[in-house]
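# pasting the sequence and the predicted model now:
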Amino acid sequence: MDVGHAESVGRAVEALKRARAVAAITGAGISAESGVPTFRGPDGLWRNFRAEDLATPEAFARAPGLVWEWYRWRRGRIAGAQPNAGHLVLARFEDRWPDFALLTQNVDGLHRRAGSRNVVELHGSLWRARCTAEPARVFDEMQQAPGTGDPGRVPACPACGAPLRPDVVWFGEALDPAAVARAHDAVTSCDVLLVVGTSAIVYPVAALPALARRSGATIIEVNVDRTPLTADADIVLRGAAGVVLPEVERLL
Ligand code: BJW
């Protein structure tokens, strides 16, 4: 460990030891070490697929079969993935801080599989489908909605027959207001906000660290690269989440 990094880890540990309330925002980078592709960056999904063709309501209206195929392919990759050391540390943080809030942009479900219970899935979940005619009709884990795993099929709502769609948030769509309200509560009431493995460019989540900072929180960024947040973070821990988070936990 280089001296600068060791010093930053030490500062992060001190801030966390003093904190009464802690929250974390995570992005695709935390699942990268589990083998789940990120969106941006050299091997990111958006290098091979266009967001406009797959992750917008217009794309689904144009080609629902293609969009379902893409989500089935991603579910296949994620089904074989395991939570990594980074997910596990954040799951254990719930025991250390009873109000620990985990705000994730990820739709892969790996935080829950790692044991986190207080998870706000701000961009939805790959493992749920919902009715396009009645959005309140959500089918958990695909079990209650037959056909969501069948290749080449646009599954139908078992209640009304309308097409089902993945229960995720696409570009141009509003996030669930209840989830956003929980995220706002968490970032405005925490003493420390960890921002882990996100490019910090997709709104409205990208606005949360600034809100936390205005509310007095210390911002700790964990990322392998610089992001637009880096300059405004109080402490930057440069490295892989699955390495850095266990380093921090060991010293707590
Ligand atoms: C590691 C690592 C390791 C790698 N360890 N680190 C204001 C300003 C500008 C634009 C907008 C704005 N408000 C809204 C917009 C438009 C848009 C937006 O933000 N666009 C930007 C791109 C500019 N936002 C929206 O459209 C949102 N909706 C909205 O605002 O609605 C308003 C509205 C109100 C009322 C009515 C109607 C509308 C919705 C955004 C939805 C995003 N959806 C996606 C797809 C989800 C479903 C799916 O998975 O298929 O969410 S896009 C994609 O990006 C996905 C992610 O959750 C999200 C963020 O990506 P993330 O997690 O940061 O991943 P990467 O790949 O970008 O970064 C990985 C990072 O990890 C990198 O930094 C690496 O360095 C790092 N890393 N390995 C640590 N081992």
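Yes, it's here.
# for this structure, give the strand that spans the most residues.
Counting by DSSP state E, the longest strand found in the chain is strand 124-131.
# what about that one, average pLDDT?
The average pLDDT for strand 124-131 rounds to 95.
# what lines up beside that strand in the sheet?
strand 138-139 (antiparallel), strand 164-168 (antiparallel) (DSSP bridges).
# Ala63: which of those is closest?
Between Ala63 and the strands paired with strand 124-131, the shortest gap by Cβ to Cβ is with strand 164-168, which sits at 12.3 Å. (Each C-beta comes from the backbone N, C-alpha and C, glycine too.)
# Arg18 contacts Leu252, correct?
No - applying Cβ atoms under 8 Å, one finds Arg18 not in contact with Leu252, separated by 11.4 Å.
# higher neighbour count, these two?
Leu252 (13 against 10; other Cβ atoms under 10 Å).
# residues in contact with that one?
Val13, Leu16, Lys17, Arg96 (Cβ atoms under 8 Å, 6 or more residues apart in numbering).
# ok, the first one to Trp97 distance?
Same thing as Val13. 14 Å (Cβ to Cβ, to the nearest Å).
# repeat for the third one
Lys17 sits 11 Å away from Trp97, taking Cβ to Cβ as the criterion.
# so the two - more neighbours on which side?
Set side by side, Lys17 and Trp97 show more neighbours around Trp97, with 18 against 10, by other Cβ under 10 Å.
# residues near the residue nearest to that one when sequence neighbours are not counted, how many?
With sequence-adjacent residues excluded and distances taken as Cβ to Cβ, 6 or more residues apart in numbering, Trp97 is closest to Val22, at 4.7 Å. Burial measure for Val22: 25 neighbouring residues, criterion other Cβ under 10 Å.
# so what's Val22 scoring on pLDDT?
Note on Val22: pLDDT of 98.
# correct me, but it touches Leu90?
No - the pair formed by Val22 and Leu90 falls short of the contact definition of Cβ under 8 Å, at 9.9 Å.
# and the residue nearest to Trp97, how far from Phe100?
5 Å.
# show me the contacts for whichever residue of the chain sits closest to the ligand.
Distance from the ligand to each residue of the chain (Cβ to the nearest ligand atom) is smallest for Gly29, at 2.2 Å. Residues near Gly29 by Cβ under 8 Å, 6+ apart: Thr38, Val196, Gly197, Thr198, Ser199, Asn223, Val224, Ala241.
# what residues does the protein put near the ligand?
Contact residues (Cβ under 6 Å from any ligand atom) of the chain with the ligand: 27-29, 32-33, 38-41, 44, 55, 105, 107, 123, 168-174, 197-199, 201-204, 222-225, 227, 240-241.
# that older thread, just the buried ones from the contacts of Leu252, in PyMOL syntax?
Applying 16 or more other Cβ atoms under 10 Å to these, the buried members can be selected in PyMOL as follows:
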select buried, resi 13+16
